[in-house]
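Student: got a sequence here, can you build the structure:
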Amino acid sequence: MRKFIDNSRIYFRSAYIVCFASALFVSLAGCKSSSGGSEAQSVELNGAGSTFVYPVMSRWTSSFSGAHSNVRINYQSIGSGGGVQQVKNGTVDFGASDAALNDDQLNGMKPMLQIPESAGPVCITYSLPGLNKPIQLSSDAIAGIFLGKITTWHDPILAKDNPGVALPNTKILVAHRTDGSGTTNAFTTYLSAVSPEWQQKVGQGNSVNWPVGMGGKGSEGVTGQVRQTPGAIGYVELTFAQQNKLPVASIKNLAGKYIPPDTSSTTAAIAAFTDQLSKDPRTPIVNAPASAPDAYPISTLTFLIIPKDGPDVVKRTALRNFVQYVITDGQAAAATLNYAPLPDGVKDYDRQQLQQMTAAGQPIP
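Tutor: Predicted coordinates for the structure are as follows:
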């Protein structure tokens, strides 16, 4: 009898082990099947727009795809105007613009979310071979040059900005964007703020009728024009100037200081508009008041333009996760490429915007 009981115990223990192992196998198989579902499904996201943001966008898309091997992100650096048009037409999943869309523009589109994703300086770059010291420019000098009223580097206004510097008697050749550009919008917004004559004759926008100069497509085109033409001057994102080993000017702000374009001076510009940005992140951050002595005066926020709704749940989820990365961990990468990190108030606004994203009319899980 005892032997029968012992054998029974052995039998039931063996059966329990077999059942547990079988259950574990089924559970693991189910997990593997789940991980091979929507999360592992290949996703391709397409974006287009700002050349200003292209250096950091390249870093963001590469880093995100490296951590999410099933997601591929293509970004075309075609200018803010082109990006806005493509997202309006539905040919891309997101656009990028250095100028926020105003209410009139939004009224002509399906519902869009505008998400500030970085900020940076629009720098004035130039080609003056043999001049080793970076030049300084006041608002009068910049407006005069781009209005075509200051035509040589030996002009008295430029000499006043650069005491002790032997500026050459070289003709100034202006380089500007030919495509619809948020960088142009930021630059002309600054010029309109500091020069009544510019505001009256030219104004601001993604595209303007330039009084003088030669055109280039994208920041790449303007950089190329400046690099190849002695005496040329243009406006580009800082990384483009640095990559092409071109000098950049320090710009005089309302506090009377000549400020170089960099991350810290852009951060100071953002800080000067904290109250306004908390109410409307579309607020321009050019020409900061004199109470911000370290602010670079030609700074701009850049924006992702994203349809509020879309039909594909998997794609929309991947897009939301990418934008979430951009406004959080991606900010550290932005800082290494001369873009200023977003302040906490703007990040909070971005998170609220992301919560409004839907797929097929339903909240994204």
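Student: skipping its backbone neighbours, what lies nearest the most centrally placed residue in the chain in space?
Tutor: In the chain, the centroid-proximal residue (CA atoms, centre = their mean) is V53; its distance is 3.8 Å. Sequence neighbours aside, T302 is the residue nearest to V53 in space, at 4.8 Å (criterion: CB to CB, 6 or more residues apart in numbering). All C-beta atoms are positioned from the backbone trio N, CA, C, and that covers glycine.
Student: the one you found belongs to a strand?
Tutor: Yes. Applying DSSP: H, G, I helix; E, B strand; the rest coil, one finds T302 inside a strand.
Student: show me what it is bridged to.
Tutor: T302 forms beta bridges with S118, as assigned by DSSP bridges.
Student: now it: how far from S181?
Tutor: 12 Å (CB to CB, to the nearest Å).
Student: more crowded one of the two?
Tutor: Set T302 next to S181 and count neighbours by other CB atoms under 10 Å: S181 wins out with 32 against 28.
Student: S207 is in contact with the more buried one, correct?
Tutor: Yes. Counting by CB atoms under 8 Å, S181 does reach S207; the two are 7.3 Å apart.
Student: now for these two: what residues contact both?
Tutor: Shared contacts of S181 and S207, defined by CB atoms under 8 Å, 6 or more residues apart in numbering, comprise G81.
Student: can you give me the helices for the stretch 251-365 of the chain?
Tutor: Counting by DSSP state H, counting those that start in this stretch, the stretch 251-365 of the chain has helices at residues 263-272, 274-279, 313-327, 330-335, 344-354.
Student: any regions of the chain where pLDDT drops low?
Tutor: For the chain, residues meeting the criterion pLDDT under 70 lie at 1-40.
Student: so V236 touches V222, yeah?
Tutor: Yes. Using CB under 8 Å, V236 is in contact with V222, at 5.3 Å.
Student: have a look at the two and say which one is more surrounded.
Tutor: Taking V236 and V222 together and counting by other CB under 10 Å, V222 has the greater number of neighbours (31 against 28).
Student: quick one: residues contacting the closest residue to K133 other than its chain neighbours.
Tutor: Spatially, and ignoring its direct neighbours in sequence, K133 is nearest to V165 (5.9 Å; CB to CB, 6+ apart). V165 makes contact with 131, 133, 135, 159, according to CB under 8 Å, 6+ apart.
Student: about what we covered before: so what sits against both of T302 and S181?
Tutor: Listed as contacting both T302 and S181 by CB under 8 Å, 6+ apart are 52, 98.
Student: check the gap between the closest residue to T266 other than its chain neighbours and I270 for me.
Tutor: Excluding its sequence neighbours, the residue lying closest to T266 (CB to CB, 6+ apart) is A340, at 3.9 Å. According to CB to CB, A340 and I270 sit 6 Å apart.
Student: pull up the overlap in contacts between those two.
Tutor: Common neighbours of A340 and I270 (CB under 8 Å, 6+ apart) are 119, 299.
Student: the spatially closest residue to A255 that is not a sequence neighbour: what's it in contact with?
Tutor: Spatially, and ignoring its direct neighbours in sequence, A255 is nearest to P293 (3.9 Å; CB to CB, 6+ apart). Contact analysis of P293 by CB under 8 Å, 6+ apart lists 253, 255, 257.
Student: try it again at 10 Å.
Tutor: Residues near P293 by CB atoms under 10 Å, 6 or more residues apart in numbering: 253-257, 259, 268, 272.
Student: re earlier: out of the helices of the stretch 251-365 of the chain, flag the one nearest Q76.
Tutor: helix 313-327 (15.9 Å; CB to CB).
Student: can you list the domains in the protein?
Tutor: 46-118+303-363, 121-299 (automatic domain parsing).
Student: re earlier: the more surrounded of A340 and I270?
Tutor: A340 (26 against 23).
Student: just checking, that one touches E117?
Tutor: No. Assessed by CB atoms under 10 Å, A340 is found out of contact with E117, at 11.4 Å.
Student: can you pull the residues that touch both of those two?
Tutor: 301, 331, 334.
Student: dump the residue contacts of G148.
Tutor: 172, 174, 210-213.
Student: so can I have JSON lines of these showing neighbour count, secondary structure and distance to H154?
Tutor: Formatted as JSON lines, the contacts of G148 follow (neighbours: other CB atoms under 10 Å; DSSP: H, G, I helix; E, B strand; the rest coil; distance: CB to CB, whole Å):
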{"residue": "I172", "neighbour count": "22", "secondary structure": "coil", "distance to H154": "10"}
{"residue": "V174", "neighbour count": "22", "secondary structure": "strand", "distance to H154": "16"}
{"residue": "W210", "neighbour count": "19", "secondary structure": "coil", "distance to H154": "23"}
{"residue": "P211", "neighbour count": "14", "secondary structure": "coil", "distance to H154": "21"}
{"residue": "V212", "neighbour count": "14", "secondary structure": "coil", "distance to H154": "17"}
{"residue": "G213", "neighbour count": "21", "secondary structure": "coil", "distance to H154": "19"}
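Student: just give me the closest of these to V323.
Tutor: Nearest to V323 among the contacts of G148, with distances taken as CB to CB, is W210, at 34.2 Å.
Student: my guess is that closest one contacts F187. True?
Tutor: No. Counting by CB under 10 Å, W210 stays clear of F187, with 11.0 Å between them.
Student: who touches both of those two?
Tutor: With CB under 10 Å, 6+ apart as the test, W210 and F187 both reach 146, 176-177.
Student: next, count neighbours for L238.
Tutor: L238 has 24 nearby residues by other CB under 10 Å.
Student: kindly report the same for Q243.
Tutor: If we define neighbours as other CB under 10 Å, then Q243 has 12 of them.
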